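1. curious how this folds, go ahead:
(chains A, B, C and D)
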Protein chains: 2
Amino acid sequence: MARAKQYNEQQVIEKAMSLFWRNGYESTSVRMLEKEMGINQFSIYASFGSKHGVFLESLKCYKSKINSVFEKLQNGTDGVNDIKAFFYDSVEMPAKMGELDNKGCLLTNTYNEFANNEDQLIQIQMKEFMDDLKTVFIQKLSVNSLKDKATIEKQANYLLLAKHGLAAASRVNNKQEIDDYIELTFSNI
Amino acid sequence: MARAKQYNEQQVIEKAMSLFWRNGYESTSVRMLEKEMGINQFSIYASFGSKHGVFLESLKCYKSKINSVFEKLQNGTDGVNDIKAFFYDSVEMPAKMGELDNKGCLLTNTYNEFANNEDQLIQIQMKEFMDDLKTVFIQKLSVNSLKDKATIEKQANYLLLAKHGLAAASRVNNKQEIDDYIELTFSNI
DNA sequence: AATATATCTAAGCACTAGCTTAGTTTATGG
DNA sequence: CCATAAACTAAGCTAGTGCTTAGATATATT
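-> Residues are numbered from 1 along each chain as shown, chains lettered A, B, ... in the order given. Below is the predicted model of the structure:
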């Protein structure tokens, strides 16, 4: 055997995630990652292969961080109210994760930044994320409901776009505006 | 006098606008602008001073292009229905402007790209755009309405965020999803 | 036609990007 | 205690960024 790594890959990825979250993918340089992660470029490339590789790991890391919120939504038994609570949880998540000002949702930010990009790996991650969300929304909307399938589908699409818009808005708008938005969004359901 | 310019500044700005619209600010390089505008870098800098200057002119150009839609909203006499029509008009606008696939709204895209940026000139343009929209929304919501001021304010904020989310969604989602979203958005206003 | 002056071309500037590599340091198994 | 192999440092690579400039070109006026 030889020398052991002087950093923990999980730990440095969390720092990378935070940086990508703040700046987006393109605006984050490998030099910035070096400083934030506290390791040399060589180590970054040895552990993750490329800047792109660091980003994919950061997305995974983010997903695991928000998993508790998503599980709470899945395990809820209160139908639409669970979705509404999920909206509130999502907005409050960044603060609870220790981010000072609100950077929105890393996945949604990425979705926007890569909207017209042909990066397959990212597109797949994004589609997976959106599809999972839609599936749960449909399930929640069906609880104790007499709505027909078409209505539920429409409402799920509506909430998916609303959730997406909310994540973007949370980067700019204040709490009152956000709360008003959520309340009015669900008054239509 | 001497040699005359061999290009029309308005014409080349329209091409620049189209390019910025497709790629965003950062992802558009001066070399790309050269090709798209059909003029040399020297001419770009002689006419507009900087890449940033080209972008500001492109935003102005875009604003004038969408002005007809905004005027239609202002001149309407049908209250909330005018806002709803404005939502539909906004989504259909890119196609009518000859853009092949939907790039959303250049102003909204810019708003997102510069959300955490300290560029003052851009921030002012964006704030102006949002404030104008909110003012008209409030005015339209007040037509033939018994709603109190607080309700109108809430609904205006709600519609502003919804319009913002819609512009982002229009880059990715299909017509059916977009239409469903607009219909549900206005179902309780 | 000659001159003056603005436009245009293309090469080049300093800087940053993502990534690589030569060479040094460090810890472990024999 | 030394050889080995991985981790580390720092310098450097190519390509691309926004922007500038020296020099060639074209045209309206004298």
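
2. what helix or strand is the spatially most central residue of chain A located in?
-> In chain A, the centroid-proximal residue (Cα atoms, centre = their mean) is residue A:107; its distance is 3.4 Å. According to DSSP states H and E, residue A:107 maps onto helix A:106-113.

3. pull out the buried residues from that helix.
-> Of the residues in helix A:106-113, those with enough neighbours to count as buried (16 or more other Cβ atoms under 10 Å in any protein chain shown) are A:106, A:107, A:108, A:109, A:110, A:111, A:112, A:113. C-beta: built from backbone N, CA, C; applies to glycine.

4. residue contacts, the residue nearest to the centre of chain A?
-> A:59, A:62, A:63, A:125, A:126, A:129 (Cβ atoms under 8 Å, 6 or more residues apart in numbering or on different chains).

5. in helices only, show me those.
-> In helices, defined here by DSSP state H, the members of the contacts of residue A:107 are A:59, A:62, A:63, A:125, A:126, A:129.

6. from those, pick the one nearest DNA strand C.
-> DNA strand C has its nearest neighbour among these in residue A:59, at 15.7 Å by Cβ to the nearest atom of the strand.

7. re the thing from before, now, which of the buried residues of helix A:106-113 sits nearest DNA strand D?
-> Each of those was checked against DNA strand D using Cβ to the nearest atom of the strand; the closest is residue A:113, at 16.9 Å.

8. tell me, how many residues neighbour residue A:88?
-> Neighbour count for residue A:88, taken as other Cβ atoms under 10 Å in any protein chain shown: 14.

9. so it makes contact with residue A:183?
-> No: in this structure, residue A:88 is not within contact of residue A:183 by Cβ atoms under 8 Å, at 10.1 Å.

10. residues from chain A in reach of DNA strand C?
-> Chain A comes close to DNA strand C at residues A:1-4, A:28-32, A:41-42, A:45, A:50-52, as judged by Cβ under 7 Å from any atom of the strand.

11. rebuild the ones in helices among the contacts of residue A:107 as JSON lines, extending it with pLDDT and neighbour count.
-> Formatted as JSON lines, the entries for the ones in helices among the contacts of residue A:107 read as follows, by pLDDT from 0 to 100; neighbours: other Cβ atoms under 10 Å in any protein chain shown:
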{"residue": "A:59", "pLDDT": "96", "neighbour count": "21"}
{"residue": "A:62", "pLDDT": "95", "neighbour count": "21"}
{"residue": "A:63", "pLDDT": "94", "neighbour count": "16"}
{"residue": "A:125", "pLDDT": "88", "neighbour count": "19"}
{"residue": "A:126", "pLDDT": "89", "neighbour count": "21"}
{"residue": "A:129", "pLDDT": "90", "neighbour count": "18"}
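
12. show me which pair in those residues is furthest apart.
-> Across the ones in helices among the contacts of residue A:107, the longest distance by Cβ to Cβ is 12.3 Å; it joins A:62 and A:126.

13. related to what we said a few turns ago, now the residues of chain A next to DNA strand C: which count as buried?
-> In the residues of chain A next to DNA strand C, burial by neighbour count holds for A:28, A:51, counting by 16+ other Cβ under 10 Å.

14. just checking, which of the residues of chain A next to DNA strand C belong to helices?
-> Within these, membership in helices is found for A:30, A:31, A:32, A:41, A:42, A:45, A:51, A:52, as judged by DSSP H.

15. these: which ones sit near DNA strand D?
-> A:41, A:42.

16. mind picking the one among the ones in helices among the residues of chain A next to DNA strand C that's closest to chain B?
-> Closest approach between those and chain B, by Cβ to the nearest Cβ: residue A:32, at 14.5 Å.

17. so who does the closest residue to that closest one other than its chain neighbours touch?
-> In space, residue A:32 comes closest to residue A:19 once its chain neighbours are excluded; the distance is 6.3 Å by Cβ to Cβ, 6 or more residues apart in numbering or on different chains. With contacts taken as Cβ under 8 Å, 6+ apart, residue A:19 has the following neighbours: A:28, A:32, A:33, A:36.

18. torsion angles phi and psi at the first one?
-> The phi and psi torsions at residue A:28 (degrees, to the nearest 10) take the values phi -100, psi 120.

19. does it touch residue A:21 like I think?
-> No: under the criterion of Cβ under 8 Å, residue A:28 makes no contact with residue A:21, lying 9.5 Å away.

20. any common contacting residues for these two?
-> Residues touching both residue A:28 and residue A:21 (Cβ under 8 Å, 6+ apart): there are none.

21. what residues does chain A put near chain B?
-> Proximity of chain A to chain B, by Cβ under 8 Å from any Cβ of the partner chain, involves residues A:22-23, A:26-27, A:103, A:111-112, A:115-116, A:154-155, A:157-158, A:161-162, A:164-166, A:168-169, A:171-173, A:177, A:180-181, A:184-185, A:187-188.

22. what's the angle from the helix holding residue A:107 to helix B:106-113?
-> Per axes from the mean of the first three to the mean of the last three Cα atoms, to 10 degrees, the angle that helix A:106-113 makes with helix B:106-113 is 140 degrees.

23. what's the local residue count around residue A:68?
-> Neighbourhood size, residue A:68 [other Cβ under 10 Å]: 12.

24. ok, it to residue A:123 distance?
-> Relative to residue A:123, residue A:68 is positioned 26 Å away (Cβ to Cβ, to the nearest Å).

25. residue A:42 now?
-> From residue A:42 over to residue A:123 the distance is 30 Å, taken as Cβ to Cβ.
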